[in-house]
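# one predicted model, sequence on top.
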Amino acid sequence: MKQKLTWMLTPLLVLFMTFSFAQEKTVTGVVTDQSGLPLPGVSVVVVGTTNGSQTDFDGNFAINVNSGEKLRFSYLGQKTVTMSVGASNTINVQLEEDAEALEEVVVVGYGSRSKELSTSAVSTVSAEKIEAFVPSTSIDNILQGQAAGVQVTAANGRPGNTAFVQIRGVGSINAQTTPLYVIDGVPIPIDTERDFNPISNLNPSDIETFSILKDAATVSKYGSRGANGVVLITTKKGKAGEAQIKFSSSYGFGEKIPDNFDVMNATQKLELERQYASLGVPSAATLPGAVSTPAELASLIALDTDWQEALLRNSVIQSNNLSISGGDEKLTYFLSLGYDKNSGIIENIDGFERISTRLNTNYQAKDWLNIGANVSVSRSTTDLPRDRNNVQNPFRAMYSYNPYEPLFLTNDDGSLVTDSQGDNVYNPTRSGFSVANALITEPEDTRNLLLIGNLSAGMTFSDKFSNNFSVGLISNRYNRTSRSISGGVLNSIVGSAAFPGTQTDELNVDFEYNVNNVFTYADTFNGVHNFSASFLLEYNENIATELLTAGRGFPSPDIPYLAVAAEPTDAFSTESRRILFSQGLFADYDYDGKYIVSGSLRRDGSSRFGSDNKFGYFYSGSAAWNIANESFMENSIFNTLKLRASYGTSGNQNIDDFQYLNLLDFENTYNGQTTALPVGVGNPQIQWESQAIFDIGVEFGLFNNRLNGVVDYFKKNSKDLLLDRPISYTVGDEDNSIASNIGEVQNSGIEISLSGDVIRTQNFKWTLGGNITFIDNEVVELVDDEDIITGTFGDNILRVGEEINSYYAVEYAGVNPANGAPLYYDLDGNVTEEFSDSFQQIQEGKSPIADFEGGFYTAFSYKGFGLRGDFVYKGGNYIYNFQRSSGISIGNIASNQRVEAFNYWKQPGDTDVLPSPLFESTADQTSTRFLEKGDYLRLRTLSLDYNMPRNLIDGIGLNSLRFFVSGQNLFTITDFNGDPEVGLGSAESGEPGDNGFVAGSFNLFSYPNTRSYTFGVEVGF
């Protein structure tokens, strides 16, 4: 009986299995939004499984599924839709906007807040905009022109270098003004005093969004950390569904942005030397142009050398990124690996190289417990050219080396001189220093290892009570090695024959951990009163260690280790710790989503201040009115209309440690014993800089959100500025000053952001958008209202009632048309041919700070094609053009000159000319003659891409295939003589952390900015 039953059931089982397998099929379709436009990137998942897919650029999807199963379609900002699979093989879905989901994308301090209920000024830069700037070796450069109120200037063009970022103006004078960066809840320490900025080690391809916090409603939540604004960076996360694999690779090249002026060739330079000598200019009398025979001149002209071509090259730019993401309803993950390289534009320099990896996970351990873990590790190396204003700088050399001096030495017959090994011998030129050779024999490089980790636990005790606990850490290991190889250029000049070769190794290790706990209560009363309150406890500690060792005398240039040095020459080590402990209370209330109020109170305790002033209190209050939610706005053209206002305070503690203590220096010895010398006088009363921030703004969206905009007015007063007050020379301070809280500055302005879809159809879309910020700034108070001369060269001034860091210079009055003499204004306004430094005076309305700046973009999409152009602009700022001064200086006639130098005064009546070379002593002086407007408009990025239609790539197992080409810094419109984007004028003369440094105030042969072209492909599996 049992055997018969088995024979009877077996055919039925086979039939059932055959029927079941026959039900599995491929379902395709198109997902669109409520306007009928295709939605790319929609997650399509078979409910209850990890089987999933995503829509392509045209909204198409394909997935294998059994009849009777359900498909879930989800997309950020849209309501999730679940569809049952029936007999049809086609399912088309139209998603509707989900207001709540859209609102969740706004990230604010210590959490998120719905956009509709936010009372703060927050600018968001999305992944779509970020992709247009990738590959970029530094994430802060991506922000340029992307958000109103954010001023971004590239430090220079060196690969891997970070930018100067300021939010809503200069909030301090001496203290650091860099905003706080927070990555997935982990604050990133930046210390310009120690040249420590790990931002360049982050992979831009991992970033989902930037959120820039600008007003008191949000920055006050960060207390003393928020004085300069806050940049919140959210990295990419995994989504439930089948694993999504993406690989992108790009390759390209970069070049120095071409000059908008000409330097002389050999013929021109020799002729200028002849003219100067014939006029009787002493420094030209012995130059080749003055003393050479016609045959010798012909020989020199034949050697014509373009030193930019000799010293520079096209850079190689590579970027490769692989990511895997996915998960299920319990666990999601995102794993990435990135490699970036930019060789830079200097011959024999390796440039910048970075490898990075990231793992983000999220686990719903219990219904009430969510655990998140993020960790990223990156390592970068950078070769450093001697980017300084001296003979070691290749960017100075390419303008100053004479064009009749070739790269390599030549014999009288024109053949190349070779050494004993048959190698060409580099030409030391008239400077006596061969930069081209020094790039080989004077290597300097840095290595940076960065680890960022964050572990969080979100607990939901009930529908009213929740708690989030997180621990974040950052560990940064920075090594720097500089060498002068035995027999090298510099070692032969300043080294010792008895101890050939020198080397210096530096090691900086920064470790910082941050622990915070946020307990939240939220409830709704009578369906319209929504209230929440959060209590914050936060502890932060930073431990910084510095080591330096140096030695000389190496047996071989191929063994770069101090262990083999014959003699140690220097050693140094130090360790510092600083602690910040904070408590905060944040509260939010809204009535039916129409009327919203928020408030915050925070207390910070910092180890940087003495016991009497250790704690600072910071608060904010803000309110908003959602006018669009009122009944009288029904059927209006407005989808969004909100008025908001905020006022609050924040602080600044970004100064050196231990300013409240008397300091000693133990670097000297006496009779073999260590001695202590007083170097700093402490001020136990020193306390926080404080800022009061007022903001009022309006947000609007019209015509079914086809036009969106934000307008803000802000006013920021920075008080109790941390400035150095002069003291008696007899007190014992090495700078004869004491850190004090004296002074006040004010920044105010208007921000405008607009974006709109000019054309929006099913196949074609044209979008325009942009932003502009107008800023006024003023020094309100100083030490006893006395002027402070500042700037790297003493060319800036702080004066009550004037712009911050106004220029302080002798005013140029042109050229005397009668005799060619340069003219200047004395302090009484009289025009004179005499020059005196005592004629320096404030140049009202002229400072390095722009009156307005911003960016705009235009984007087109047609089916799979996309074209986007991003422009940046700036106006109202001034720059000391020291590079132009060097290029037309009469006293520099022994070096190459700009062609402009021919335009000098030659006869009575000449106007719009340079001074006569006979007035070298007064013509070459620093004055407003070289103070130029820095206005410019630049095409920052132009990108073109194409997404292959899904039906063309299904057969090869791909989910997506995208090709792209992009160019950066393609053209610039400016009247400035040179590149107007100036951040770091000269790394040797003045850089962040140096006393009196003013970003963007002058140019002096810093690493030039570059334009680049990249081509790439992105593949999704």
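Good, I have the coordinates. Numbers count the residues shown, from 1 in each chain.
# so where's the stretch 551-700 of the chain uncertain?
Filtered on pLDDT under 70, the stretch 551-700 of the chain yields the residue ranges 664, 667-668, 670, 677, 679.
# and stretch 412-419, how far apart are its ends?
This stretch, stretch 412-419, spans 16 Å end to end (CA to CA, to the nearest Å).
# outside of that stretch itself, list whatever touches it.
By CB atoms under 8 Å, 6 or more residues apart in numbering, the surrounding residues in contact with stretch 412-419 are 299, 302, 408-411, 424-425. Backbone N, C-alpha and C define where each C-beta goes, glycine included.
# repeat that for stretch 381-396.
156, 158-160, 311-312, 344, 346, 349-354, 397, 431-433, 435-436, 438-439, 442-448, 490, 886, 986-989, 1004-1008.
# export stretch 565-574 to PDB, keeping only CA atoms.
Provided in PDB are the C-alpha atoms of stretch 565-574 (Å, rounded to 0.1, in the frame of the first residue of the first chain):
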ATOM      1  CA  ALA A 565      73.400  58.900   9.300                       C
ATOM      2  CA  ALA A 566      76.800  59.700  10.500                       C
ATOM      3  CA  GLU A 567      75.700  62.500  12.900                       C
ATOM      4  CA  PRO A 568      72.300  63.500  14.400                       C
ATOM      5  CA  THR A 569      71.700  67.200  14.100                       C
ATOM      6  CA  ASP A 570      68.300  67.800  15.700                       C
ATOM      7  CA  ALA A 571      65.600  66.100  17.900                       C
ATOM      8  CA  PHE A 572      62.300  67.400  19.200                       C
ATOM      9  CA  SER A 573      59.200  65.900  20.700                       C
ATOM     10  CA  THR A 574      56.000  67.200  22.400                       C
END
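# quick one, strands of the stretch 101-250 of the chain?
Counting by DSSP state E, counting those that start in this stretch, the stretch 101-250 of the chain has strands at residues 107-108, 111-112, 122-125, 150-154, 163-167, 180-183, 186-188, 207-213, 230-235, 241-256.
# any chance of the ones you listed in CSV, plus mean neighbour count?
Listed next are the strands of the stretch 101-250 of the chain as CSV, based on neighbours: other CB atoms under 10 Å:
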stretch, mean neighbour count
strand 107-108, 20
strand 111-112, 15
strand 122-125, 20
strand 150-154, 24
strand 163-167, 23
strand 180-183, 23
strand 186-188, 21
strand 207-213, 22
strand 230-235, 23
strand 241-256, 19
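# can you list those strands in TSV and add mean pLDDT and distance to residue 603?
Converted to TSV, those look like this (pLDDT from 0 to 100; distance: least, CB to CB, whole Å):
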stretch	mean pLDDT	distance to residue 603
strand 107-108	76	20
strand 111-112	78	19
strand 122-125	84	24
strand 150-154	86	28
strand 163-167	87	23
strand 180-183	90	18
strand 186-188	88	17
strand 207-213	88	19
strand 230-235	90	18
strand 241-256	93	44
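# OK, contacts around the residue most central in space within the chain?
By CA atoms, centre = their mean, the chain has its centre lying nearest to residue 140, at 2.3 Å. When contacts are counted by CB under 8 Å, 6+ apart, residue 140 touches 152, 162-163, 165, 199.
# which parts of the stretch 401-550 of the chain are helices?
435-441, 489-494 (DSSP state H, counting those that start in this stretch).
# could you dump those to TSV with mean neighbour count and mean pLDDT?
Formatted as TSV, these follow (neighbours: other CB atoms under 10 Å; pLDDT from 0 to 100):
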stretch	mean neighbour count	mean pLDDT
helix 435-441	21	93
helix 489-494	16	84
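# where does pLDDT dip in the stretch 51-200 of the chain?
In the stretch 51-200 of the chain, residues with pLDDT under 70: 57, 76-77, 98-106, 127-129, 131-138, 175, 192-196.
# which secondary structure elements does the strand or helix carrying residue 773 contact?
Taking DSSP states H and E as the definition, one finds residue 773 inside strand 764-781. The helices and strands touching strand 764-781, judged by 3 or more CB pairs under 8 Å, 6 or more residues apart in numbering; DSSP states H and E, are strand 150-154, strand 744-760, strand 852-862.
# now the longest one: buried residues?
Yep, that's strand 744-760 we're talking about. For strand 744-760, burial by neighbour count (16 or more other CB atoms under 10 Å) applies to 744-751, 753-757, 760.
# for that strand, name the packing helices and strands.
In terms of contacts (3+ CB pairs under 8 Å, 6+ apart), strand 744-760 is packed against strand 707-719, strand 764-781.
# pick the most buried one from these.
strand 707-719 (a mean of 20; mean count of other CB atoms under 10 Å).
# now do the contacts for residue 38.
30-32, 55, 57-60, 762.
# write down the beta-bridge partners of it, one by one.
Beta-bridge partners for residue 38, by DSSP bridges, are residue 32.
# how near is it to residue 65?
Taking CB to CB, to the nearest Å as the criterion, residue 38 is separated from residue 65 by 21 Å.
# now swap in residue 547 and tell me
From residue 547 to residue 65 the distance is 61 Å (CB to CB).
# can you check residue 725 too?
Taking CB to CB, one finds residue 725 at 75 Å from residue 65.
# which of the two has more neighbours?
A count of neighbours by other CB atoms under 10 Å puts residue 65 above the other of residue 725 and residue 65, at 22 against 15.
# counting contacts, what elements does the helix or strand harbouring the more buried one pack onto?
Per DSSP H and E, residue 65 falls inside strand 60-66. If you count contacts as 3+ CB pairs under 8 Å, 6+ apart, strand 60-66 packs onto strand 24-32, strand 43-46, strand 52-54, helix 950-953.
# who touches the residue lying closest to residue 1004 once chain neighbours are set aside in this structure?
Once flanking residues are discounted, residue 1004 sits nearest to residue 986: 3.9 Å by CB to CB, 6 or more residues apart in numbering. Going by CB under 8 Å, 6+ apart, residue 986 touches 387-389, 792, 1002, 1004-1006.
# identify the bridge partners of residue 602.
Beta-bridge partners for residue 602, by DSSP bridges, are residue 584, residue 618.
# hmm, back to that, with neighbour count, distance to residue 506 and pLDDT added, can I get the contacts of residue 986 in TSV?
Formatted as TSV, the contacts of residue 986 follow (neighbours: other CB atoms under 10 Å; distance: CB to CB, whole Å; pLDDT from 0 to 100):
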residue	neighbour count	distance to residue 506	pLDDT
387	23	17	72
388	17	17	73
389	20	22	79
792	20	23	88
1002	29	27	94
1004	25	25	93
1005	25	24	92
1006	29	22	92
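# closest to residue 721 out of those residues?
Among these, residue 792 lies closest to residue 721 (CB to CB), at 20.0 Å.
# now the strands for the stretch 401-550 of the chain?
Using DSSP E, counting those that start in this stretch, the strands of the stretch 401-550 of the chain run over 444-460, 465-484, 502-525, 529-552.
# which strands and helices sit next to the second one?
Contact partners of strand 465-484 among helices and strands, from 3+ CB pairs under 8 Å, 6+ apart: strand 186-188, strand 444-460, strand 502-525.
# winner for burial among those?
Note that of the helices and strands packed on strand 465-484, strand 186-188 is the most buried (mean count of other CB under 10 Å), with a mean of 21.
# which strands border that one, and is each parallel or antiparallel?
strand 180-183 (antiparallel).
# how far does the strand it pairs with sit from its chain's centre?
The chain centroid and the centroid of strand 180-183 are separated by 12 Å under CA atoms, centre = their mean, to the nearest Å.
# which outside residues touch that strand?
Outside of strand 180-183, the residues within contact range by CB under 8 Å, 6+ apart are 187-188, 190, 199, 202, 222, 225-226, 228-233, 235, 452.
# ranges for the strands of the stretch 801-950 of the chain?
806-809, 812-815, 822-825, 831-832, 841-842, 852-862, 865-875, 878-881, 931-933, 936-947.
# rewinding a little: flag every buried residue along the strand holding residue 65.
60-63, 65-66.
# how about those residues in CSV, adding distance to residue 586?
CSV is the format used below for the buried residues of strand 60-66 (distance: CB to CB, whole Å):
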residue, distance to residue 586
60, 44
61, 41
62, 46
63, 43
65, 46
66, 49
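# done for today, thanks.
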